[in-house]
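> mind folding the following:
(chains A and B)
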Amino acid sequence: MSITLTINGQGRAVEVAPGETLLELLRRAGCKSVKLGCDTGDCGTCAVLLNGRAVNACMLLAVACDGCSVTTVEGLEVEGRLHDLQSASLDSGGVQCGFCTPGMIMAAVDLLSRNPHPTDEEIRAGLAGNLCRCTGYVKQIAAVRMAHAEVDDHD
Amino acid sequence: MTDTPRNVVGLNERKVDGYSLVTGKPVFAGDVDFPDCLHVKFLYSPHAHARITAIATHRAEALPGVAVVLTHENTPLRRFTTAGQGYPEPSPYDARMFDTKVRFVGDRVAAVAAKSPSIAARAVQLIDVQYEALPAVLSIDEAVAAGAPVIHDETDATGVRDPSRNIVAEVLVEVGDPETGLAESAAVVETVCETPYAQHTPLEPHVVQSYLDNDQRLVLLTSTQVPFHVRRIVARLLDLPIARVRVIKPRVGGGFGVKQEVLLEDVAALVTLRTERPVRVELTRPEEFYASRTRHPMRVGVKLGADTDGRLGAVSMEAISNTGAYGTHGLTVLSNAGSKTLPLYNKAPHVRFDGKAVYTNLPVGGAYRGYGATQGYFALETAMDELAEQLGIDPVDLRLRNHIRAGETSPIFEEIGEGRKGVEQTIGSCALEECLRVGADRIGWRAKRGLRRRDGSWAHGVGMSIHMQGSGIPAIDMGAATIKMNDDGSFNLLVGATDLGTGSDTILGQIAAEVLGVPLEKMIVYSSDTDMTPFDVGAYASSTTYVSGNAVRRAAESTRRQILEVAAAMLSSDASHLRLADEQVIAPNGRTVDLADVCLRAFYGTDQLQIGATASYVGDQSPPPFLASFAEVAVETETGRIKVVDYVAAVDCGVAIHPHAAAGQVEGAIANGIGYALTEEMTFSPHGRIRNPSFFDYKIPAAPDLPDIDVILVDSYEPTGPMGAKSIAEIGINAPIPTIANAVHDAIGVRLKATPFTPERVLRALRVLGAPNG
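This next block holds a predicted model:
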């Protein structure tokens, strides 16, 4: 069947197969930042924003996203300028293998949109659904801290 | 060299692959879509131990969309090892692509390639297999019991110590007279510690894509730590000339040792060769648990003998390792349990290591960060804590009295190598004393130790341990680098070294940029493509910074000499008087020439040449990094729950080429080690089937589960390292188990001897102690 949805600001009409997940649809649509790490909603490597809120794309059927707006990490860079969380992830050293990075950044975008000044504990809770095996989370938490300081600078 | 100001080395540069990673570019092996691609699914053994008496594939082959079904009846039967090690591999050749016998639940029986993953999965169900079930061996004790079923009864396996007794490998080393040494010691402690099956869980599961290029050569795009070993092993297994195989490693989503295996490339390659179509093989998360590789479970016993001042006279370690159904890394992981731990206490004149690795009908052990040292240190550093307790000496002081120093050696370096004798070496750099001082200060050791502070139902304690590892395998691991200069003053750096997320492309670029006097953005780094880059053994054994880094340094120095020679003609000066800095060559009289102009002259002027060089490095040493680890834990005595409240790791990795990357290696390793200490264990049914093959049931640490791990990089300089650097990737993972165990003892007085330290185990230990448990 056919659905329409907005992916990173672009409206699209897409044929979806029964049982196809949002993860599969997004990868098929070229958003390769959306990673398949577990397929059970446990690891967060497929986290995207659905109507502004972070979700695990492996846990949603594509048909259920008819009419929705989806943002992936591919949609964060604007006119060649990285999103603050992308820059902060690079400058804090929070990127090691980078496989969890897109999902981690999307979870952090969601967190900062709900809570622009999170405490460290709130950052940890906000990233709780995103597993990383490389970093121990130290520098990813630092990246969120750095990014919300940036937001303050822009204000 | 030590006081030369540095322009690139030591800076927290943005990773050279950072932009593509934070913007989600399709840079991983699974991110490319090949047209007309086949997808592979496997049929796995439901039995822990069985013979295949019949296999019928016609129903699967008849399913529309199925291209090929592979079984032992139509694939090469030559035995090999999946261990991606140097040649000849020190692991036994005891596996086949598909065998007539299955040896664990999850062993490969058949593979189906079809035009979609779902068709392949359906076809797998249509394969009819008849098994003759055999009695299974599901523990170390069962494996070595008299009359145990023989797991490898085939006659064509090679490199197995004694298949009739399920023994893969044995190592016995004695220095001095350990028995007498122990008998004559004023204080003796003896401890036995056990560690279970655990999985690496890189967030990216294994994935390989293969295709034929326009010249009918086989290309493997694969998430591997060892591209050159993949090429060699696949070529040999499938009887292909190495020249017909190209292995490309793009970005890899973590490895930790589990991608030092040739697990899927053989199948992808064979299907592509048979069908001439692109093939994609990827593991699901459950398959990653039961069908890839694991940490070798071990039981390690340590006996220490010391005088009343705590000076060690004898150290004896006995280790028995469960290598699972195949012997991959069996001998070498076992050896490292001794070789990476015992030299730390080199003052003891009497040392013994007695190890065995045995087969069982359980999942297959492999390389896993720490590589045996993790298991060895649990017992060694627990025993040291017990010795300190027995003698009434502070555990930090006990370490200070006994640990190895710069200028010293240990007979173990020479006695235990990687499947052969090791290499004699003298420690060139060791800042462990400083690490102990800094770490103890930061955690508040003197103030907190022995307090038994309670906070409601939580009891607090602090514990510590010390560690060493290595920097590559001396006299075996070789890395090479090629540098070529471009006519804008930039350089291509081509390395065989394999960045699996560690940042090695970046730090190798920094080393080259430093030598060549250019900023990092002038280095175009390309790695791990067997057609395009020189050889490197790959990313394992903490080798890249030290071994590959030294190769890069040499290639850059050679390139630099050529630049100065060309510039000498341009500046009418002698090359020996010229300096290279800030993208210029500078003469003593102040005249300069830009690097871009040097290369333009080299390309288009007179005596034209390509400025550049290839260099190799093989270490005759493996300089150990050192680590002093401290933790504060809180133990809830009513529930047995352990919380790690604070963690400090003070590390000597020589000069940190990229401090964030170096600290990041330790932070990640500590986090993984905390998981292994507290929650991670693969559990099995009585029939050997894994019970928890998912992130839901196999708990790895998430952000709220961890403290803010504080890594302190202590100043040090390794004279043989590139720019004074040593490798750092593995050491951190060894620390949390003994550190937390010792902290728990400080908090509640119980000794935990088996990981993970679950609430059940803590409560049980409290009950044995008779302490109040709420």
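> what sits closest to B:I700 if chain neighbours are left out?
B:G675 (4.9 Å; C-beta to C-beta, 6 or more residues apart in numbering or on different chains). All C-beta spots, glycine's among them, are computed from the backbone N, C-alpha and C.
> with B:G721 instead?
B:G654 (5.0 Å).
> what ranges in chain B fall below the confidence cut-off?
B:1-5, B:771-774 (pLDDT under 70).
> break it into its domains for me.
Domain ranges of chain B: B:18-26+B:478-618, B:32-134+B:203-254+B:259-291, B:298-473+B:621-769, per automatic domain parsing.
> same question, chain A
A:2-74, A:84-154.
> point out the most buried one among those.
domain A:84-154 (a mean of 22; mean count of other C-beta atoms under 10 Å in any protein chain shown).
> and that one with chain B, contact?
Yes. Judged by C-beta under 8 Å from any C-beta of the partner chain, domain A:84-154 comes into contact with chain B at A:86, A:89-93, A:95-102, A:105, A:120-121, A:123-125, A:127-141.
> quick one: which of these sit in strands?
Judged by DSSP state E, strands contain none of those.
> just these: which are in helices?
Using DSSP state H, A:86, A:89-92, A:101-102, A:105, A:120-121, A:123-125, A:138-141 are the members of the residues of domain A:84-154 next to chain B that sit in helices.
> leaving out chain neighbours, which residue sits closest to the most centrally placed residue in chain A?
In chain A, the residue lying closest to the centroid (C-alpha atoms, centre = their mean) is A:M106, at 2.4 Å. Nearest residue to A:M106, sequence neighbours excluded (C-beta to C-beta, 6+ apart): A:A47, at 4.6 Å.
> got the contact list for that neighbour?
A:A54, A:V55, A:N56, A:A57, A:P102, A:G103, A:M104, A:M106, A:A107, A:G129, A:N130 (C-beta atoms under 8 Å, 6 or more residues apart in numbering or on different chains).
> rewinding a little: so the residue nearest to the centre of chain A makes contact with A:V70?
No. With contact defined as C-beta atoms under 8 Å, A:M106 and A:V70 do not form a contacting pair (10.3 Å).
> tell me, what's touching the two both at once?
Contact with both A:M106 and A:V70 is made by residues A:V48, A:L49, according to C-beta under 8 Å, 6+ apart.
> dihedrals phi and psi, the residue nearest to B:G721?
Per-residue torsions, B:G654: phi 70, psi -150 (degrees, to the nearest 10).
> next one: B:A663
According to degrees, to the nearest 10, B:A663 has phi -60, psi -40.
> quick check: nearest residue in space to it, chain neighbours excluded?
Per C-beta to C-beta, 6+ apart, closest to B:A663 is B:V711, 4.2 Å.
> give the helix, strand or coil label for the residue in the stretch 301-450 of chain B that chain A sits nearest to.
In the stretch 301-450 of chain B, the residue that lies nearest chain A is B:R369 (10.1 Å; C-beta to the nearest C-beta). Recorded secondary structure, B:R369: coil (DSSP: H, G, I helix; E, B strand; the rest coil).
> check contacts around B:G257.
Counting by C-beta under 8 Å, 6+ apart, B:G257 makes contact with B:H200, B:Q225, B:R293, B:G366, B:A367, B:Y368, B:R369, B:Y371, B:Y540.
> again, only this time at 6 Å
B:A367, B:Y368, B:R369 (C-beta atoms under 6 Å, 6 or more residues apart in numbering or on different chains).
> how many other residues sit next to the second one?
Spelled out, it's B:Y368. Here the number of neighbours of B:Y368 (other C-beta atoms under 10 Å in any protein chain shown) works out to 27.
> pretty sure it sits against B:R293.
No. Look at B:Y368 against B:R293 with C-beta atoms under 6 Å: they stay out of range, at 7.5 Å.
> tell me which residues touch the residue nearest to B:V208 when sequence neighbours are not counted, please.
Leaving out its chain neighbours, the residue that sits closest to B:V208 by C-beta to C-beta, 6+ apart is B:T222, at 4.0 Å. Counting by C-beta under 6 Å, 6+ apart, B:T222 touches B:A29, B:V208, B:E265.
> tell me what B:T592 is bridged to.
Applying DSSP bridges to B:T592 yields these beta-bridge partners: B:I586.
> for it, give its distance to chain A.
33 Å (C-beta to the nearest C-beta, to the nearest Å).
> that residue and B:A581 touch, don't they?
No. Contact criterion C-beta under 6 Å: B:T592 and B:A581 do not qualify, at 9.4 Å.
> out of the two, which sits in the more crowded spot?
The residue with more neighbours, out of B:T592 and B:A581, is B:T592; 17 against 13, by other C-beta under 10 Å.
> how near is that one to B:V598?
11 Å (C-beta to C-beta, to the nearest Å).
> contacting residues around the residue of the stretch 401-550 of chain B found nearest chain A?
In the stretch 401-550 of chain B, the residue that lies nearest chain A is B:G501 (2.5 Å; C-beta to the nearest C-beta). Shown in contact with B:G501 (C-beta under 6 Å, 6+ apart): A:Q96, A:C97, A:C134, B:G254.
> same thing but at 10 Å, please
The contact partners of B:G501, by C-beta atoms under 10 Å, 6 or more residues apart in numbering or on different chains, come to A:95-100, A:133-135, B:15, B:17, B:21, B:202-204, B:251-256, B:539, B:664-665, B:668.
> in a markdown table: the domains of chain A, plus distance to B:C435 and mean pLDDT.
Shown next, in a markdown table, are the domains of chain A (distance: least, C-beta to C-beta, whole Å; pLDDT from 0 to 100):
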| stretch | distance to B:C435 | mean pLDDT |
| --- | --- | --- |
| domain A:2-74 | 34 | 97 |
| domain A:84-154 | 19 | 95 |
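> including distance to B:A243, could these go into CSV?
What follows is the domains of chain A, written out as CSV (distance: least, C-beta to C-beta, whole Å):
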stretch, distance to B:A243
domain A:2-74, 32
domain A:84-154, 31
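> out of those domains, which gets nearest to B:S727?
Proximity to B:S727 (C-beta to C-beta) singles out domain A:84-154 among the domains of chain A, at 15.7 Å.
> and that closest one, how far out from the chain middle?
Put simply, domain A:84-154 sits 11 Å off its chain's centre (C-alpha atoms, centre = their mean, to the nearest Å).
> please apply the same query to stretch B:252-265.
For stretch B:252-265, the distance to the chain centre is 10 Å (C-alpha atoms, centre = their mean).
> quick one: buried residues of it?
B:252-265 (16 or more other C-beta atoms under 10 Å in any protein chain shown).
> circling back: of the domains of chain A, which approaches B:A133 most closely?
domain A:2-74 (31.0 Å).
> and B:V271, helix, strand or coil?
Classification of B:V271 by three-state DSSP places it in helix.
> what's it in contact with, if anything?
Contacts of B:V271 (C-beta under 10 Å, 6+ apart): B:38-40, B:67-68, B:70, B:111-113, B:210, B:277-281.
> ok, and the most crowded of these?
Neighbour-wise, the contacts of B:V271 (other C-beta under 10 Å) top out at B:V112, 31 neighbours.
> what does the stretch 501-650 of chain B put close to chain A?
Contact residues, the stretch 501-650 of chain B versus chain A (C-beta under 10 Å from any C-beta of the partner chain): B:G501, B:T502, B:G503, B:Y647.
> quick one: which of those sit in strands?
B:Y647.
> tabulate the residues of the stretch 501-650 of chain B next to chain A (JSON lines), appending distance to B:D33.
Formatted as JSON lines, those follow (distance: C-beta to C-beta, whole Å):
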{"residue": "B:G501", "distance to B:D33": "23"}
{"residue": "B:T502", "distance to B:D33": "28"}
{"residue": "B:G503", "distance to B:D33": "28"}
{"residue": "B:Y647", "distance to B:D33": "43"}
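> hey, where'd the helices end up in chain A?
Going by DSSP H, chain A shows helices at A:22-28, A:84-92, A:101-114, A:120-126, A:138-154.
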